[in-house]
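1. need a structure here:
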Amino acid sequence: APMGSTLGPTAWSPDGRWLYFARRNSGTGLDLYRFDLSDGSEEQLSQGSEGEYGGLLSPDGQHLAHYLETEQRCDVAVLELATGERRILTADEPGWHYVTSWSPDGRLVAVHHFAPDFESSTCRAVRVADGWMVPLALPEGAREPTWGRQ
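-> From the prediction side, this is the model:
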């Protein structure tokens, strides 16, 4: 496909088979895709009115945490790659949310949240299974946590 319409790559699968990226499509905006390096085929993973892009693959390669962006906000969602099920983790809070990292066990994602006016920000750990959030204390100037051993 024409490279002028793509953003990325955003992630590689742990086994090196898949390359994840976003492509601008007329009518739907940015949608997520994956490219199979073994046979050159590609698969569209999302199609919606939100811009879906970026993100990080979970340590086990089963989930892709990514962005859902409109003109008013940006949320973090997790796509289960085997089923195509998408869970929005940050829909209950206004503002701009960006995923920064996965915990080593893949149960949590660190999300950097900016208030709607961008005057303040916090970093939180969000549990993928149910959206439970807890604020994280970060060193001065840090934007993502250093996860401890689990």
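2. secondary structure element for the residue nearest to G54 when sequence neighbours are not counted?
-> Once flanking residues are discounted, G54 sits nearest to Y67: 4.9 Å by CB to CB, 6 or more residues apart in numbering. From N, CA and C alone the C-beta is placed, and that goes for glycine too. Assigned by DSSP states H and E, Y67 belongs to strand 63-69.
3. repeat that for W147.
-> Under the criterion of DSSP H and E, W147 resides outside all helices and strands.
4. contacting residues for the spatially most central residue of the chain?
-> Nearest to the geometric centre of the chain sits H66, at 1.7 Å (CA atoms, centre = their mean). H66 makes contact with T10, L32, E52, Y53, G54, G55, L56, V76, A77, V78, L79, V99, according to CB atoms under 8 Å, 6 or more residues apart in numbering.
5. mind doing that once more with 7 Å?
-> Residues near H66 by CB atoms under 7 Å, 6 or more residues apart in numbering: L32, E52, Y53, G54, G55, A77, L79.
6. for G55, same thing?
-> T10, A11, L64, A65, H66, Y67, V99.
7. what number of residues lie near the first one?
-> When neighbours are counted by other CB atoms under 10 Å, T10 registers 21.
8. that one touches L19, doesn't it?
-> No: applying CB atoms under 7 Å, one finds T10 not in contact with L19, separated by 8.7 Å.
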